[in-house]
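>>> could you work out the structure for the sequence below:
(chains A and B)
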Amino acid sequence: MKIASWNVNSVRTRLPTLLQWFEQARPDIACLQEIKCQDEQFPRDEFEALGYNIAVHGQKSYNGVAILSKYPIEEYTCGLPGDPDDDHARYIEAVVSTDTGPLRVASIYLPNGNPKDTPKFDYKLDWMHRLNAHAQSLMTFEEKLVLAGDYNVIFRDEDCWDPAVWTEDALYAKEVRDAFAALMWSGLTDAYMAKDGRAHQYTFWDYQRGAWPKGHGIHIDHILLSPQAADTLTGVEIAKDARAMEKPSDHVPIIAELDI
DNA sequence: ATGCCACCTTCAAGGTGA
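As a prediction, the model looks like this:
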């Protein structure tokens, strides 16, 4: 089965582009980020017509995450534990029932954190620490777990076209890369690194400065797997063609294939 | 150093992203 992660940059503005891609790529599960709408504004009918069950954690104007699944969604929870005052819709977690048992899936929109030396950066680091704690808790279940989303982290120098451009950026900050490394050390496998790992294979190209035609992208979207899920990993793909579609998102989907 | 683009809200222009 195919599980995709895609920061869509407004699900309503992007709807024709999304439907075209979903009809062609046919992922079994899709984790969406930056849907930028409230729950009741999500275009449910259009995705249900394609055979998806839907769990939405929306928010007016900004953020917002969702999980689409051709498998039944047994339960879902909205929000990342650890801070009752956090009112950003950046995390949704669902358990779906596959033919081979339950699969836990989270759609993650990690804070950007720019500029550094501001509360936004502190919020990002705090959010990452909360994510790491929650991931460690989930790992104790020893079940098939997928943490997919826009991590807003340039982890390797090879994940951007020129590290010098990013030295002062929150996506490349040492504390941020260290926190991402700590998440991986809890025992997660990055699907892209396990099955491909090539340098300069990007998932985001800025709308500005001709980033797409110049090939100036960054690799910031990841699909992380628990050992039980990683054992089923058979392939990974970045759907780069999606950046050349009509009215594209600035991100493209990343897709993991699992033998489930 | 800023805007470059594209999105949001809601009709004018400022906030946000990465």
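
>>> check which helices and strands the strand or helix carrying A:Val105 sits against.
According to DSSP states H and E, A:Val105 maps onto strand A:101-109. Applying 3 or more C-beta pairs under 8 Å, 6 or more residues apart in numbering; DSSP states H and E, one finds that strand A:101-109 contacts strand A:2-7, strand A:29-33, strand A:65-69, strand A:91-98, strand A:145-150. Any C-beta I mention is one placed from the backbone N, CA and C, and that applies to glycine too.

>>> contacts for the first helix or strand past it going along the chain?
Later in the chain than strand A:101-109, the nearest helix or strand by DSSP H and E is helix A:119-139. By C-beta atoms under 8 Å, 6 or more residues apart in numbering, the residues outside helix A:119-139 that reach it are A:80-83, A:86, A:90-91, A:104, A:108, A:110-115, A:145, A:147, A:152, A:170, A:173, A:175-176, A:179-180, A:182-183, A:186-188, A:226.

>>> give me the buried subset of those.
Among these, those scoring as buried are A:80, A:86, A:90-91, A:104, A:108, A:110-113, A:145, A:147, A:152, A:170, A:173, A:176, A:179-180, A:183, A:188, A:226 (criterion: 16 or more other C-beta atoms under 10 Å).

>>> give me the subset of those residues touching DNA strand B.
A:111-112, A:152 (C-beta under 7 Å from any atom of the strand).

>>> what parts of the stretch 1-150 of chain A come near DNA strand B?
Counting by C-beta under 7 Å from any atom of the strand, the stretch 1-150 of chain A sits next to DNA strand B at A:7, A:9-10, A:12-14, A:34, A:36-37, A:60-62, A:111-112, A:114, A:120, A:150.

>>> filter those residues down to the buried ones.
A:7, A:9, A:14, A:34, A:36-37, A:111-112, A:150.

>>> farthest-separated two in these?
Greatest spacing in these, by C-beta to C-beta: A:Arg14 and A:Pro111 (21.2 Å).

>>> list the buried residues of stretch A:219-239.
A:219-226, A:228-230, A:232-233, A:236-239.

>>> let's see it as PDB, backbone CA atoms only.
Provided in PDB are the C-alpha atoms of stretch A:219-239 (Å, rounded to 0.1, in the frame of the first residue of the first chain):
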ATOM      1  CA  HIS A 219      14.100  18.400   1.400                       C
ATOM      2  CA  ILE A 220      12.000  19.000   4.500                       C
ATOM      3  CA  ASP A 221       9.100  16.500   4.200                       C
ATOM      4  CA  HIS A 222       9.700  13.100   5.700                       C
ATOM      5  CA  ILE A 223       7.900   9.800   6.400                       C
ATOM      6  CA  LEU A 224       9.300   8.200   9.600                       C
ATOM      7  CA  LEU A 225       8.500   4.600  10.500                       C
ATOM      8  CA  SER A 226       8.600   2.500  13.700                       C
ATOM      9  CA  PRO A 227      10.600  -0.700  13.400                       C
ATOM     10  CA  GLN A 228       7.400  -2.700  12.900                       C
ATOM     11  CA  ALA A 229       6.400  -0.400  10.000                       C
ATOM     12  CA  ALA A 230      10.000  -0.200   8.600                       C
ATOM     13  CA  ASP A 231      10.000  -4.000   8.300                       C
ATOM     14  CA  THR A 232       7.300  -3.600   5.600                       C
ATOM     15  CA  LEU A 233       8.900  -0.700   3.700                       C
ATOM     16  CA  THR A 234       9.500  -1.700   0.000                       C
ATOM     17  CA  GLY A 235      10.100   1.700  -1.700                       C
ATOM     18  CA  VAL A 236       9.900   5.500  -1.600                       C
ATOM     19  CA  GLU A 237       9.200   8.200  -4.100                       C
ATOM     20  CA  ILE A 238       9.200  11.900  -4.300                       C
ATOM     21  CA  ALA A 239       6.400  13.000  -6.700                       C
END
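
>>> narrow the buried residues of stretch A:219-239 to those in helices?
Within the buried residues of stretch A:219-239, residues falling in helices by DSSP state H are A:228-230.

>>> export those as a markdown table, with columns for pLDDT and distance to A:Gly210.
Converted to a markdown table, these look like this (pLDDT from 0 to 100; distance: C-beta to C-beta, whole Å):
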| residue | pLDDT | distance to A:Gly210 |
| --- | --- | --- |
| A:Gln228 | 98 | 43 |
| A:Ala229 | 98 | 38 |
| A:Ala230 | 98 | 37 |
